[in-house]
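Q: A predicted structure for the sequence below; I have some questions about it.
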Amino acid sequence: MDKVILSRFCNTMPKQLEKKKTTELEDIAIRLSGSDSPGGAGEELRSFTSSPSKSLQPKPEPGDTQRVQLPTDLPVQFELVDKYQSKFTQASKFKYRLRHQGIPLYGSSIIVDLDEDNKFLFANSSEVAQDEAVKKGFPDKNPKVPEEDLKDSIYKYCLKKGEPISREALKDCDINPQLYYYFKHFSNGSSHKLWRLVYVTNIKVMAPTSGGKSVGTSLELTDYMIDAHTGEIILELSNLRTFC
């Protein structure tokens with residue numbers, strides 16, 4: 001009886017421990033991190049990265065970029081956003097994002113984990129910049145809506161949806177907008193999917209300098225994605241910060 005149970009357990013182990021096949025984007029990120037590719041995306045990707053041998057390639061640092069021509073013919077820059085090494089295991093984690101024409105692609109996070117010997121452990125990424133998205137093309141990278149008009153867009157949007165925010169509250173905050181390319185998916189199944197140039201805010205409510213009370217508003221809980229060509233607010237984003 002014990003032998004039968006052990007046999008069944010051993011037969012299921014390979015499937016449980018099997019690593020997922022890496023995508024083309026993940027395979028490039030693994031190479032840029034200084035590790036050998038697991039081979040999931042194929043050896044032809046060596047021609048896309050054109051990187052030197054691992055022994056000669058320095059470890060990337062946050063802010064470093066690498067120009068890459070994706071298999072979809074989209075020229076992008078892989079930007080290393082963050083790097084972390086465990087003090088206990090010496091394993092490393094690299095977080096990349098993609099840029100096109102110098103502007104980051106919203107949601108293009110690529111995460112690579114390597115062990116203490118720089119061997120590949122795990123990778124995860126989004127599907128941004130895949131075939132369907134690339135065929136739609138990109139809008140003009142120069143915004144038509146200036147940053148100083150964004151607070152007015154937020155004011156009008158909140159007023160229209162019945163949750164007005166005072167001008168005073170908007171005055172006492174920094175919205176810290178950053179430009180992104182965002183691939184718009186319509187929830188109604190429309191085929192009119194397209195890239196948009198957007199601002200994404202990172203709102204910080206400033207403490208009063210005169211000893212007065214802080215203005216409590218939903219600004220402290222919400223960020224906004226705003227079309228940089230029209231001023232239209234596309235999405236509300238949670239501004240809640242986690243402790244992990």
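A: Everything's here; your move. Numbering: from 1, shown residues only.

Q: after the worst-scoring helix or strand of the chain on mean pLDDT, next one along is what?
A: For the chain, counting by mean pLDDT, DSSP states H and E, helix 46-49 ranks last in confidence among helices and strands (a mean of 44). Using DSSP states H and E, the helix or strand that follows helix 46-49 in sequence is strand 65-69.

Q: any idea how many residues pack against Asn124?
A: With neighbours defined by other CB atoms under 10 Å, the count for Asn124 comes to 14. For the C-beta atoms, the positions are set from N, CA and C on the backbone; glycine is no exception.

Q: element containing it?
A: Per DSSP H and E, Asn124 falls inside strand 120-125.

Q: for the very next helix or strand once past that strand, list the C-alpha coordinates in CSV.
A: Note on strand 120-125: by DSSP H and E, the next helix or strand toward the C-terminus is helix 131-135. The C-alpha coordinates for helix 131-135 follow below in CSV (Å, rounded to 0.1, in the frame of the first residue of the first chain):
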residue,chain,number,x,y,z
ASP,A,131,1.5,41.8,-31.7
GLU,A,132,-2.1,43.2,-31.5
ALA,A,133,-1.0,46.2,-29.5
VAL,A,134,2.0,47.0,-31.7
LYS,A,135,-0.1,47.0,-34.9
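
Q: gap between helix 131-135 and the chain center?
A: Computed by CA atoms, centre = their mean, to the nearest Å, the chain-centroid distance of helix 131-135 equals 18 Å.

Q: list the buried residues for it?
A: By neighbour count on 16 or more other CB atoms under 10 Å, the buried set for helix 131-135 is Ala133, Val134.

Q: ok, and what's touching that helix?
A: With contact meaning CB atoms under 8 Å, 6 or more residues apart in numbering, helix 131-135 is reached by Leu70, Thr72, Asp73, Leu74, Phe183, Lys193, Trp195.

Q: pLDDT of that helix, averaged?
A: Across helix 131-135, pLDDT averages out at 73.

Q: by neighbours, which of the contacts of helix 131-135 wins?
A: Going by other CB under 10 Å, Phe183 tops the contacts of helix 131-135 with 22 neighbours.

Q: against Leu98, how distant is that residue?
A: Plainly put, Phe183 is 12 Å away from Leu98 if you go by CB to CB, to the nearest Å.

Q: who touches both of these two?
A: Residues touching both Phe183 and Leu98 (CB under 8 Å, 6+ apart): Leu105, Val128.

Q: nearest residue to Arg67 other than its sequence neighbours?
A: Distances taken as CB to CB, 6 or more residues apart in numbering put Gln77 closest to Arg67, at 5.6 Å, once the chain neighbours are dropped.

Q: these two touch, right, that neighbour and Gln101?
A: No. Between Gln77 and Gln101 there is no contact, the gap being 9.1 Å when judged by CB atoms under 8 Å.
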